[in-house]
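> Sharing a model prediction with you, sequence too.
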Amino acid sequence: LAQVWVPILSQDNKIILTTQEQPYSVMHSKFDLLRYRTLSTAYVFPSEKTSDSTSASHLGLPGRVFSSRAPEWTPNVQFYDSSEYLRIREAARCDVKGLVAVPVLDPSSRSCLAVIELVTNVEKVEFGSEIGIICSALQ
């Protein structure tokens, strides 16, 4: 599954990240990943820490990647606890394991425009080829 998280302005004038109504791609035979995609659309994540009481983990993975402008990956999201990966229950139900999230940066300002998230059903240690494909596609 590949899905895009983009910043939008919420009703209370805060920038949040959503994947709802955004492009995604999933293999036709991966019904569990399609279900995970559907469950992910119900989530929104803050784009930055808003107070001292909001830790980086409460940004969720898309929010951490967006605010830090640095990729994050794991061979298995089951290694996270529920405060670090807010969709952990959904991930377990949909057999989500390997994940990489990459920021899309504006080349001139270095500001983050979006986050691309790749999700697999297998434990995956090396995401080099996938990162290469994303970089080529964005160019």
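Sure thing, it's come through.
> which residues does Val44 bridge with?
Note on Val44: beta-bridge partners by DSSP bridges are Thr18.
> these two touch, right, it and Ile15?
No - when contacts are counted by Cβ atoms under 8 Å, Val44 is not listed as touching Ile15 (10.3 Å). In this view, the C-beta of every residue, glycine as well, is placed from N, C-alpha and C.
> Report the contact partners of Tyr43.
Tyr43 makes contact with 18-19, 60, 86-87, according to Cβ atoms under 8 Å, 6 or more residues apart in numbering.
> And the helices in this structure?
31-40, 60-68, 88-93, 128-138 (DSSP state H).
> what separates the third one from the chain centre, distance-wise?
It stands for helix 88-93. Distance of helix 88-93 from its chain centroid, counting by Cα atoms, centre = their mean, to the nearest Å, is 14 Å.
> Now it - C-alpha only, CSV.
What follows is helix 88-93, C-alpha atoms only, in CSV (Å, rounded to 0.1, in the frame of the first residue of the first chain):
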residue,chain,number,x,y,z
ILE,A,88,-1.5,-0.1,16.1
ARG,A,89,-4.8,-1.9,16.6
GLU,A,90,-5.7,-1.4,13.0
ALA,A,91,-2.3,-2.5,11.9
ALA,A,92,-2.6,-5.8,13.9
ARG,A,93,-6.1,-6.5,12.5
